[in-house]
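>>> I'll drop the sequence and a predicted model, then ask my questions.
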Amino acid sequence: MQPFELITVSTISEAIQAQVASPTAQQGAPIRFIAGGTNLVDYMKLNVETPRQLIDINMLPLDRIEPGPDGSLRIGALARNTDVAYHETVKAQYPVLSEAILSGASTQLRNMATTAGNLLQKTRCVYYRDTAYGCNKREPGTGCSAIGGHNRMLAILGTSDKCIASNPSDQNVALAALEATIHITGSKGERAVPIADFYTLPGNTPQRETILEAGDLVTHLTIPALPTGAKSVYLKLRDRASYEFALASAAIVLKQSNGRIDFVRVALGGVGAKPWRSLEAERSLLGKPANAISFRAAAEAALHGAHPQSQNGFKIELAKRCIVHALTQATTNA
Ligand SMILES: Cc1cc2nc3c(=O)[nH]c(=O)nc-3n(C[C@H](O)[C@H](O)[C@H](O)COP(=O)(O)OP(=O)(O)OC[C@H]3O[C@@H](n4cnc5c(N)ncnc54)[C@H](O)[C@@H]3O)c2cc1C
Ligand code: SF4
């Protein structure tokens, strides 16, 4: 790990100024916000991240979880994963989010990990984590060692010939299905970005993963109210039952009326270069009866454009079955 300077800030404007005005940043050297540190410090130990300055944002007043006036829920960027997962409103109204968070990492990690840190966690691609190998995401232009290499865990949707990394987060899949909005404050003011527009696909620039600019601080998320009677479910399939990232996962939000599906959102994890909302699956399900035939058709639609690599072709069928099982759970006793 390289030496770094730790800067503690106590207001949002101090945090942004520290990023923008930092001589380190102006010289093009990396400078990072640090929240729980469970992702960033890992990568610093591996010399994948080498910030000269760390801005500790833990003193900022951004850890509240509170209802909005319109029935939405506001979750502060520094709300710990554990606090979100066990929050009464989250458990009652957005169980998909609670289940997704609790399916990830370990109790100790979730106690430290924050909402925004989870949103921005880096891929677990083994070559990204090992500076001995070429990796376009870590060092643009050095190639993608995973193409033709160890790619069993990596993405089959939204990849490019420059990068096939998967987004590792569970939380983010649930947030995609819940149509969360990310609230950002930067040197140019505040803005709100729907999660569908927050992540970028690798294309020719895999080093860029989100629309965030230097100095942008995520302050909170908002999640809109769901229609009355909507059920939500998160199902994660992985190599072992705990402390493991998803091979495939599905977040479902669904409501039925008169035996037909009249509201549905489907998002996938473990298979996409970003948290993968499947509008194709949703279109396939709307208006259909909640049965095995509709579910399988939706799963086929969701994986239609999948592009497997040498070791992860199994994810296509696995993800389809994951969708079918999650839809079955979401419609049982509905
Ligand atoms: C062994 C292990 C197993 C894990 N298993 C899973 C799993 O199964 N599923 C899963 O989803 N996750 C898993 N995780 C990942 C874990 O969820 C993340 O490490 C955690 O959510 C990151 O949150 P943090 O607050 O610690 O982020 P940090 O490490 O502090 O930060 C991560 C990134 O976010 C940036 N950042 C943080 N806050 C802000 C902000 N407010 N504005 C702008 N930028 C910000 C930082 O600069 C950094 O780039 C695992 C982690 C470990 C170590
Ligand atoms: S998949 Fe992406 S992160 Fe992994 S080696 Fe290739 S470029 Fe790097």
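In hand now; what should we look at? Owing to the predicted nature of the structure, the values given are computational and were not obtained by experimental measurement. Ligands and ions are numbered 1, 2, ... in the order given.

>>> Let me see the contact set for the residue nearest to Gly36 when sequence neighbours are not counted.
Nearest residue to Gly36, sequence neighbours excluded (Cβ to Cβ, 6 or more residues apart in numbering): Met112, at 4.0 Å. C-beta: built from backbone N, CA, C; applies to glycine. Applying Cβ atoms under 8 Å, 6 or more residues apart in numbering to Met112 gives the contacts Gly36, Gly37, Thr38, Arg80.

>>> how near is the third one to Glu209?
Read it as Thr38. 18 Å (Cβ to Cβ, to the nearest Å).

>>> ok, now the first one?
Gly36 sits 18 Å away from Glu209 when distances are taken as Cβ to Cβ.

>>> how near is the residue nearest to Ser232 when sequence neighbours are not counted to Tyr43?
Nearest non-adjacent residue to Ser232, counting by Cβ to Cβ, 6+ apart: Val96, 3.6 Å away. With distances taken as Cβ to Cβ, Val96 is found 28 Å from Tyr43.

>>> quick one: which of those two has more around it?
Val96 (29 against 19; other Cβ atoms under 10 Å).

>>> so which strand or helix has the more buried one?
According to DSSP states H and E, Val96 maps onto helix 95-102.

>>> got the contact list for that helix?
Contacts of helix 95-102 (Cβ under 8 Å, 6+ apart): 81-82, 84-87, 90-91, 110, 118, 170-171, 173-175, 177-178, 223, 232-234, 236, 249, 251-253, 269.

>>> and if you look at stretch 53-69?
4-12, 15, 18-19, 22, 24-25, 31-35, 40, 73-80, 83-84, 87, 89-90, 217, 219-220, 222.

>>> Work out the gap between it and the centre of the chain.
18 Å (Cα atoms, centre = their mean, to the nearest Å).

>>> send the alpha carbons of that stretch over as CSV?
In CSV, the C-alpha atoms belonging to stretch 53-69 read as follows (Å, rounded to 0.1, in the frame of the first residue of the first chain):
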residue,chain,number,x,y,z
GLN,A,53,-5.3,11.7,-0.6
LEU,A,54,-8.3,10.1,1.1
ILE,A,55,-11.2,12.3,2.1
ASP,A,56,-12.9,10.7,5.1
ILE,A,57,-16.6,11.5,4.7
ASN,A,58,-17.8,9.6,7.8
MET,A,59,-18.5,12.7,9.8
LEU,A,60,-21.0,14.1,7.2
PRO,A,61,-24.7,14.0,8.3
LEU,A,62,-25.7,11.6,5.6
ASP,A,63,-26.7,8.5,7.5
ARG,A,64,-30.5,9.0,7.9
ILE,A,65,-33.2,6.8,6.5
GLU,A,66,-36.4,8.6,6.4
PRO,A,67,-39.8,8.7,4.6
GLY,A,68,-40.4,11.4,2.0
PRO,A,69,-43.7,13.4,1.9
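
>>> on that earlier part again, find the pair from the contacts of Met112 with maximum spatial separation.
Gly37 and Arg80 (12.3 Å; Cβ to Cβ).

>>> who's more crowded, those two?
Arg80 (22 against 16).

>>> List the beta-bridge partners for that one.
Note on Arg80: beta-bridge partners by DSSP bridges are Thr114.

>>> so what's Glu300 up against?
Contacts for Glu300 (Cβ under 8 Å, 6+ apart) come out as Lys320.

>>> re the thing from before, do the helix holding Val96 and ligand 1 meet at all?
No: judged by Cβ under 6 Å from any ligand atom, helix 95-102 makes no contact with ligand 1; its nearest approach is 7.6 Å.

>>> Pull the number of nearby residues for the residue of the stretch 51-200 of the chain at minimum distance from ligand 1.
Nearest residue of the stretch 51-200 of the chain to ligand 1, counting by Cβ to the nearest ligand atom: Gly117, 2.1 Å away. When neighbours are counted by other Cβ under 10 Å, Gly117 registers 25.
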